[in-house]
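Trainee: Next come a sequence and a model predicted from it.
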Amino acid sequence: MKVLRFFLFPFSLVYDIITSLRNLFYDIQLFKSVSFPIPIINVGNLSVGGTGKTPQVEYLVNLLHDDHKVAILSRGYKRKTKGYLLADEHTSVEHIGDEPFQYHSKFSKIRVAVCEKRVTGIRNLMNDVEPDVILLDDAFQHRAVRPSFNILLTKYHDLFVDDYVLPTGNLREARREAHRADCIVVTKCPENISQEDLMNLKNRFLKYNKPVFFSRIRYNDSISGSSKITFKELIDYEVLLITGIANPAPLLTFLKNKNIRYQHFEFPDHHHFTDKDLDHIMNSFHQIGGEKKLILTTEKDYVRLKDTVADLSYLGIEVEFINDSKSFDVQIIEHVKKFKVS
């Protein structure tokens, strides 16, 4: 695979030229980029998928919603609708997509909307909801909007500074575009990362002259859904694990370290589960012997499967900053506060 990608390098040069010209046209205002009179905080990346945008957006919701009226705007990837849609009590996962529906289900105090055209979505949200701040999910490449604050995520095991543009690598645009970020967050760091490693990592981003933060995924102490049991109890269960996320490896490592026995069915990210998929899942589950067994999935997959898979449980996650959570929080809070005053 790596050899094949090497031979695709000429195509990466063409892709880089096209994306760089597009960004240049926005930078010199040949293409219009719209700003707004309220804080627009974007959570995005340079890489294709799997950097942890969803838990980072949820972190921002928890940080801001007590003091501000927060709304989230997403594209609504792989939804079965088009255009602008504001989620309400009648909205389903098919209407807005799995990640927006997770936000909608999880946070009763915020409003969630989807729209392919973010400028249209923001304008409609401002008219419909009158939020104090809007969080954009995955809009770093959507240059038609000029966010007031850009958070750029990059995975610890797949840093954008080591990567190349598509199709040789996994970057949607060149590394140099990181200059548009207001801060960089290295996500999914190992549990026991040393201070020396953190310093070495931070030095790798010095050329971008941006604040650099480090975060890791913190799994909940127990599972939720149909079954609410602790991991101490889960050791006695046979688990059928269902995932439809970009990178299930950290979850698999976590379960192995907890000595959980599981059989894993892996599906692509944002997978639409067919009747054949569901039959295969349930038939496999019924074939597992013993009374102590359950079907476990991720929180994102749970919102897609809960109405079609009986006795389904999920493992929730949240972002935990390493050392510098207060500095990150202050930066975001001060940005919103000063924006409102200015």
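Mentor: Thanks, I have the structure now. Numbering: from 1, shown residues only.

Trainee: Quickly list the domain ranges of the chain.
Mentor: Domain assignment for the chain by automatic domain parsing gives 2-68+132-218+320-341, 221-315.

Trainee: From residue 185, how far out is the residue nearest the centre of the chain?
Mentor: What sits nearest the mean C-alpha location of the chain, by Cα atoms, centre = their mean, is residue 53, with 2.2 Å. Distance, residue 53 to residue 185, using Cβ to Cβ, to the nearest Å: 10 Å. Placement of C-beta: from N, CA and C, glycine included.

Trainee: Common neighbours of those two, please.
Mentor: residue 153 (Cβ atoms under 8 Å, 6 or more residues apart in numbering).

Trainee: contacting residues around the residue nearest to the centre of the chain?
Mentor: 43-45, 99, 137-138, 153.

Trainee: quick check, nearest of those to residue 299?
Mentor: residue 99 (9.9 Å; Cβ to Cβ).

Trainee: circling back to that earlier point, okay, and which of the contacts of residue 53 map to strands?
Mentor: Taking DSSP state E, the ones among the contacts of residue 53 that sit in strands are 43-45, 137, 153.

Trainee: just checking, residue 196 is part of a helix?
Mentor: Yes - assigned with DSSP: H, G, I helix; E, B strand; the rest coil, residue 196 falls within a helix.

Trainee: Can you get me a residue count around it?
Mentor: 8 (other Cβ atoms under 10 Å).

Trainee: quick one, what contacts it?
Mentor: When contacts are counted by Cβ under 8 Å, 6+ apart, residue 196 touches no other residue.

Trainee: pLDDT score assigned to it?
Mentor: pLDDT recorded at residue 196 is 94.

Trainee: And for residue 120?
Mentor: With respect to pLDDT, residue 120 scores 97.

Trainee: name the element it belongs to?
Mentor: Using DSSP states H and E, the element containing residue 120 is helix 118-128.

Trainee: For that helix, output the C-alpha coordinates as CSV.
Mentor: Only the C-alpha atoms of helix 118-128 are listed here, as CSV (Å, rounded to 0.1, in the frame of the first residue of the first chain):
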residue,chain,number,x,y,z
ARG,A,118,-22.1,26.5,6.1
VAL,A,119,-22.8,30.2,5.3
THR,A,120,-26.4,29.4,4.7
GLY,A,121,-26.5,27.2,7.8
ILE,A,122,-25.0,29.9,10.1
ARG,A,123,-27.4,32.6,8.8
ASN,A,124,-30.4,30.4,9.3
LEU,A,125,-29.3,29.4,12.8
MET,A,126,-28.8,33.0,13.7
ASN,A,127,-32.4,33.8,12.5
ASP,A,128,-34.0,30.7,14.1
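
Trainee: neighbouring contacts of it?
Mentor: In contact with helix 118-128 (Cβ under 8 Å, 6+ apart) are residues 34, 36, 38, 40, 71, 73, 75, 84, 86, 111, 113-115, 131, 134, 136, 139, 142, 144-145.

Trainee: what's the distance between that helix and the middle of its chain?
Mentor: Distance of helix 118-128 from the chain centroid (Cα atoms, centre = their mean, to the nearest Å) equals 21 Å.

Trainee: CA atoms of the top helix by length along the chain as PDB?
Mentor: In the chain, ranked by residue count with DSSP state H as the criterion, the top helix is helix 9-27. Output of helix 9-27 as PDB, limited to C-alpha atoms (Å, rounded to 0.1, in the frame of the first residue of the first chain):
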ATOM      1  CA  PHE A   9       3.000  11.200  -5.700                       C
ATOM      2  CA  PRO A  10       2.600  13.100  -9.000                       C
ATOM      3  CA  PHE A  11      -1.200  13.200  -8.400                       C
ATOM      4  CA  SER A  12      -0.500  14.600  -4.900                       C
ATOM      5  CA  LEU A  13       1.500  17.400  -6.600                       C
ATOM      6  CA  VAL A  14      -1.500  18.200  -8.800                       C
ATOM      7  CA  TYR A  15      -3.900  18.000  -5.800                       C
ATOM      8  CA  ASP A  16      -1.600  20.300  -3.800                       C
ATOM      9  CA  ILE A  17      -1.500  22.900  -6.600                       C
ATOM     10  CA  ILE A  18      -5.300  22.900  -6.900                       C
ATOM     11  CA  THR A  19      -6.000  23.200  -3.100                       C
ATOM     12  CA  SER A  20      -3.200  25.800  -2.700                       C
ATOM     13  CA  LEU A  21      -4.600  27.900  -5.500                       C
ATOM     14  CA  ARG A  22      -8.100  27.700  -3.900                       C
ATOM     15  CA  ASN A  23      -6.700  28.800  -0.500                       C
ATOM     16  CA  LEU A  24      -4.700  31.600  -2.200                       C
ATOM     17  CA  PHE A  25      -7.900  32.900  -3.900                       C
ATOM     18  CA  TYR A  26      -9.600  33.000  -0.500                       C
ATOM     19  CA  ASP A  27      -6.500  34.600   1.200                       C
END
